[in-house]
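Chemist: Please work out how this folds:
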Amino acid sequence: MKKKEHWNTDQIRQYNRSLVLKLIYKEGPVSKAEISKKSELTFATIGNITTELLEIEAIRESGYGKSNGGRRPILYEFNWDNYYVIALDIGVTQVSAALVNFKGSIYHQHEVSMSDPSNKPNLIEKVYKVIDELVSQADLSFSKIVGIGVSAPGPIDEDDGKILTPPNLHGVKNVNIKALLEQRYELTTVLEKDANAAALAEQWFGSAGSKGNILYIFADQGIGGGIIIDSRIYRGYKNGAGEIGHISIDIDGPKCNCGNFGCLEALASGIALVKRVKQEIRRGSKSSLSALYLNDEAELTLETIMEHGKNGDPLVQHILNEIGRYLGIGVTNAMNFFSPTTVIFGGQMIELYPEIIQVTEEIAKDRVFSEFAHDIPFIKSSFGNQSSLMGAASIIQQKIFDYPENILI
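Modeler: Numbers count the residues shown, from 1 in each chain. Sure, this is the predicted structure:
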């Protein structure tokens, strides 16, 4: 984009409107004078913009402020009850959708199992099914829904809205999810990589707030990374940034689903944990899971393994500690390169066994180069298993606040 001094009238108007809407969203109830002071826009400009936002019911009047000698000023706040988004999370084992308001509160949620994620038509059918059932079950007018945010495993083409070739969704290739959803539901749709989306959710709705640069570690069936710089997702060339799961940790390590060897994901993901436990049981390692595995291998799910680890299974705890050390090395590399102000951990692995964060932090802070890195907080996601779902809500919300005149009409 051009520098601000080279913007045309329409670009300036769009920026000003977006700025005022964000201030009312974050600061409301707030007066025109307060908005003018914080935005450095003239009172007349604020008056014109608030009138327009009232007309499209993006904001509403919310009582009166204190008088400074004259009439009490009218206060404005975001019209929370008027807008909802559909948040769609495409995972390895299920597709989830929720209706979320602009405060980040889930109004209604629905999910369907991904019994066969390796079939592209099946994926689209699952997506349509979960959204159709979500909307039909919710007691909410469709006119209040203003967009769809989609969180999916990378790699993706964010510009064209395509899910490209996710290593853990075998057979899924070049799915133009944006075009398909916009055609079917006639709603603005935005696609984002799951880890990026989860990182953005922490900024919009979580504990990170709008300050600082975030490194988000998404430890789930696979491992992803999200980077927020100056309140914006950093995507890199062709959306390739943040793929911490495919940093090479061990040159002689196991083959990853991406085709490389020794990736962090091949050593420390949920998929890697399940494989490793099965391998060790076959080798004769003692575990409370042995009988279950020998009876039916399919019953050794990530959830079951984590439960036995919490209950003191020595094999599982040993492997989980090793996974924490691998994650620590991966995070060290990312910190040395990026130097974030906060490291946030989310995903199913973290939710089921948050102790991994402590192991990861000890390794990372022992090995990181900068002495200032010891002050960087390592925290757990605010959203547990719903981090990607809340991320999907945040990405469409970001789009709406950037271009309110195109969507809130």
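
Chemist: for the stretch 51-200 of the chain, what spans make up the helices?
Modeler: 120-137, 177-185, 194-204 (DSSP state H, counting those that start in this stretch).

Chemist: Could you pull out the buried residues of the second one?
Modeler: Residues of helix 177-185 classed as buried by neighbour count (16 or more other Cβ atoms under 10 Å): 177-178, 181-182, 185. Every residue, glycine included, has its C-beta placed from N, CA and C.

Chemist: ok so, going back, okay, the helices of the stretch 51-200 of the chain, which one's buried deepest?
Modeler: The highest average neighbour count among those, using mean count of other Cβ atoms under 10 Å, belongs to helix 194-204 at a mean of 29.

Chemist: residues contacting residue 204?
Modeler: Residue 204 makes contact with 104, 394, 397-398, according to Cβ atoms under 8 Å, 6 or more residues apart in numbering.

Chemist: What about those residues, which one has the most neighbours?
Modeler: residue 394 (29 neighbours; other Cβ atoms under 10 Å).

Chemist: was I right about it contacting residue 197?
Modeler: Yes - applying Cβ atoms under 8 Å, one finds residue 394 in contact with residue 197, separated by 6.6 Å.

Chemist: Over to the residue nearest to residue 195 when sequence neighbours are not counted. Which of the three states is it?
Modeler: Nearest residue to residue 195, sequence neighbours excluded (Cβ to Cβ, 6 or more residues apart in numbering): residue 224, at 3.3 Å. Secondary structure assignment for residue 224 (DSSP: H, G, I helix; E, B strand; the rest coil): strand.

Chemist: residue contacts, residue 224?
Modeler: 153-154, 193-195, 217-218, 242-245 are the contacts of residue 224 under Cβ under 8 Å, 6+ apart.

Chemist: Would you mind giving the domain segments of the chain?
Modeler: What automatic domain parsing lists as the domains of the chain is 4-80, 83-194+388-407, 207-381.

Chemist: report the longest helix in the chain, please.
Modeler: helix 314-338 (DSSP state H).

Chemist: residues touching the closest residue to residue 266 other than its chain neighbours, list them.
Modeler: Spatial nearest neighbour of residue 266, chain neighbours left out: residue 256 (3.8 Å); criterion: Cβ to Cβ, 6+ apart. Contacts of residue 256 were listed using Cβ under 8 Å, 6+ apart, and they are 167, 246, 262-263, 265-266.

Chemist: try it again with 6 Å
Modeler: When contacts are counted by Cβ atoms under 6 Å, 6 or more residues apart in numbering, residue 256 touches 263, 265-266.

Chemist: Closest to residue 341 out of those?
Modeler: residue 265 (25.2 Å; Cβ to Cβ).

Chemist: how deep is that closest one tucked in, by neighbour count?
Modeler: 28.

Chemist: Kindly report the same for the one 4 residues further on.
Modeler: Residue 269 has 30 neighbouring residues, counting by other Cβ under 10 Å.

Chemist: what do you get for residue 61?
Modeler: 12.

Chemist: nearest spatial neighbour of it, skipping sequence neighbours?
Modeler: residue 74 (5.5 Å).

Chemist: Check the burial of residue 296 by counting its neighbours.
Modeler: Neighbours of residue 296 (other Cβ under 10 Å): 8.

Chemist: ditto for the one 3 residues further on
Modeler: Taking other Cβ under 10 Å as the criterion, the count of residues near residue 299 is 10.

Chemist: Please tell me how far it sits from residue 141.
Modeler: Remark: distance between residue 299 and residue 141 (Cβ to Cβ, to the nearest Å) = 44 Å.

Chemist: just residue 316 next, same as before
Modeler: In terms of Cβ to Cβ, residue 316 sits 48 Å off from residue 141.

Chemist: more crowded one of the two?
Modeler: Each of residue 316 and residue 141 has its neighbours counted (other Cβ under 10 Å); residue 316 has more, 25 against 8.

Chemist: Pretty sure that one sits against residue 307.
Modeler: No - judged on Cβ atoms under 6 Å, residue 316 makes no contact with residue 307 at a distance of 9.1 Å.
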